[in-house]
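*Asks:* Predicted model follows, preceded by the sequence.
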Amino acid sequence: MLNLQQRINILALLQKYITGDDPFWLSTKARAAENNPWFIPEFIDNAVQSIATGFLEAPALNRWTTSYNVPEQTTNPVNVGITMAGNIPLAGFHDFLCCFISGHKQTIKLSSKDNVLLKHLAEKMISWNGEISEHIIFADMLKGCDAYIATGSNNTARYFEYYFRKYPHIIRKNRTSVAILEGNENTDDLEKLADDVYLYFGLGCRNVTKIFVPAGYDFLPLLEAFNKYDRLIENHKFKHNYDFNLTVQIMNQKFYMTNGSVILSENTSVFSPISMLHYEFYTSREDIYKGLNPEEIQCITGSDKVALGAAQCPGLTDYADGIDTMLFLQQLTGKY
């Protein structure tokens, strides 16, 4: 297997490839968009750029691997089965990256909703170095692996917990993100919040589906700033959801606010349907934190940890569900 520096070099090539205009890559992205109507070209490009800048910078990869004492040569690599989500483009890339950079083998079950992009990237990596083919395998079913990482809904998570119970595993369930506003945000801040809400049509676990606002909050500037994404209503799947949810609000005689592309509704739930954004008034941040279920929250924007607009720009150490994937892989053998 490639040594650590060779693996980092391959990832540097991958960064250059995905940010370039190679005809095969462009056609692959187009095919992914055709395969899943939620994967519009704009959002595929956004996901790719986020990966290129957040995950594939060589200096950052060197610092990251050094912090875990990843050796140049991995001894006794294990085979990790990965069931990937398909809610946003390349949703499982970070798990893929962790396994590859640590020198372990991986058997990947892709979601039918996102089965084009990563497979192409893996094939490209193999074309640069044939040894990689022994360490990246795609399969329709996961069997005979030494450990498992699985992402799915709360329902499928119960199945994963049972099926993988005898093996080391990471099981990820439904999560979402929220934002806390102070009421003094300017237009630029609110447009950044729009990114957190609208990117990927709100389908990602790092998308903001609820905002907490102070009493007396003026929603008009927010709704105006959210017009940044008014073009999304032209997407037939998004518009169908918007029309349906608007009808439900009207029929139930519930108060709502809208700018024509998002529906604001007061609700205690942190989860909101596509095209809707829940809000709740608050008096103190402490009350918000006390009321949130940590098992439901991926990140909180407008906080000390995540700035507005940064929800969909995770870094290498922004592990899903707060579970350190690199540490998990390290503990499989006691060392890499």
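*Replies:* Happy to help now that I have it. Numbers count the residues shown, from 1 in each chain.

*Asks:* just the strands in the stretch 1-150 of the chain please.
*Replies:* Taking DSSP state E, counting those that start in this stretch as the criterion, the stretch 1-150 of the chain carries its strands at 79-83, 105-109, 136-138, 147-151.

*Asks:* which residues touch the first one?
*Replies:* Applying C-beta atoms under 8 Å, 6 or more residues apart in numbering, the set of residues contacting strand 79-83 from outside is 92, 95-96, 99, 104-109, 142-152, 160, 329, 332. Just so you know, the C-beta spots here come from the backbone N, C-alpha and C atoms, and that holds for glycine as well.

*Asks:* just the strands in the stretch 151-300 of the chain please.
*Replies:* With DSSP E, counting those that start in this stretch applied, the stretch 151-300 of the chain shows strands at 169-172, 176-180, 208-214, 257-258, 263-266, 276-282, 297-301, listed in chain order.

*Asks:* And those strands: which comes nearest residue 197?
*Replies:* Closest approach to residue 197 among those (C-beta to C-beta): strand 208-214, 5.0 Å.

*Asks:* Isn't residue 4 up against residue 103?
*Replies:* Yes: in terms of C-beta atoms under 8 Å, residue 4 counts as a neighbour of residue 103; the distance is 7.2 Å.

*Asks:* what do those two both touch?
*Replies:* With C-beta under 8 Å, 6+ apart as the test, residue 4 and residue 103 both reach 70, 73-74.

*Asks:* Taking strand 79-83 as reference, get the angle to the helix or strand of the chain with the lowest mean pLDDT.
*Replies:* Using mean pLDDT, DSSP states H and E, helix 154-163 stands out as the lowest-scoring helix or strand of the chain, at a mean of 90. With axes from the mean of the first three to the mean of the last three C-alpha atoms, to 10 degrees as the basis, helix 154-163 and strand 79-83 are set at 160 degrees to each other.

*Asks:* Just the buried residues of helix 154-163, please?
*Replies:* Neighbour counts using 16 or more other C-beta atoms under 10 Å place 156-157, 160, 163 of helix 154-163 among the buried residues.

*Asks:* Hmm, residue 104 and residue 326 touching each other?
*Replies:* No: counting by C-beta under 8 Å, residue 326 does not reach residue 104; the two are 10.6 Å apart.

*Asks:* neighbours around residue 308, how many?
*Replies:* Other residues near residue 308 number 22, with proximity taken as other C-beta atoms under 10 Å.

*Asks:* Quick check, pLDDT for the nearest residue to residue 119 once chain neighbours are set aside.
*Replies:* Closest residue to residue 119 in three dimensions, ignoring its sequence neighbours and counting by C-beta to C-beta, 6 or more residues apart in numbering: residue 138, at 6.0 Å. The predicted local distance difference test score for residue 138 is 98.

*Asks:* Residue 138 against residue 116, yeah?
*Replies:* No: here residue 138 lies out of contact with residue 116, judged by C-beta under 8 Å, at a distance of 11.6 Å.

*Asks:* Those two - which one has more neighbours?
*Replies:* When residue 138 and residue 116 are compared for neighbours, residue 116 comes out ahead with 22 against 14, by other C-beta under 10 Å.

*Asks:* So the closest residue to that one other than its chain neighbours versus residue 113, what's the distance?
*Replies:* Closest residue to residue 116 in three dimensions, ignoring its sequence neighbours and counting by C-beta to C-beta, 6+ apart: residue 32, at 4.1 Å. Using C-beta to C-beta, to the nearest Å, residue 32 is found at 10 Å from residue 113.

*Asks:* relative to its centroid, which residue of this structure is most remote?
*Replies:* Ranked by distance from the centre of the chain (C-alpha atoms, centre = their mean), the top residue is residue 253, with 34.6 Å.

*Asks:* What distance do you get for that one to residue 126?
*Replies:* 58 Å.

*Asks:* Then residue 271?
*Replies:* 39 Å.

*Asks:* out of these two, which sits in the busier spot?
*Replies:* Each of residue 271 and residue 126 had its neighbours counted (other C-beta under 10 Å), and the higher figure belongs to residue 126 (16 against 13).

*Asks:* For that one, which residues are in contact?
*Replies:* Going by C-beta under 8 Å, 6+ apart, the list of residues near residue 126 reads 132-133, 136.

*Asks:* Please save the CA atoms from stretch 201-212 in CSV.
*Replies:* What follows is stretch 201-212 as a C-alpha-only set of coordinates in CSV (Å, rounded to 0.1, in the frame of the first residue of the first chain):
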residue,chain,number,x,y,z
PHE,A,201,-32.2,22.6,-0.7
GLY,A,202,-31.8,22.2,3.1
LEU,A,203,-31.3,18.4,2.8
GLY,A,204,-28.0,18.2,4.7
CYS,A,205,-27.6,17.5,8.4
ARG,A,206,-25.5,20.7,8.6
ASN,A,207,-28.3,22.8,7.0
VAL,A,208,-30.1,25.2,9.4
THR,A,209,-33.8,24.1,9.8
LYS,A,210,-34.6,26.3,12.8
ILE,A,211,-33.6,29.8,14.0
PHE,A,212,-33.8,31.2,17.5
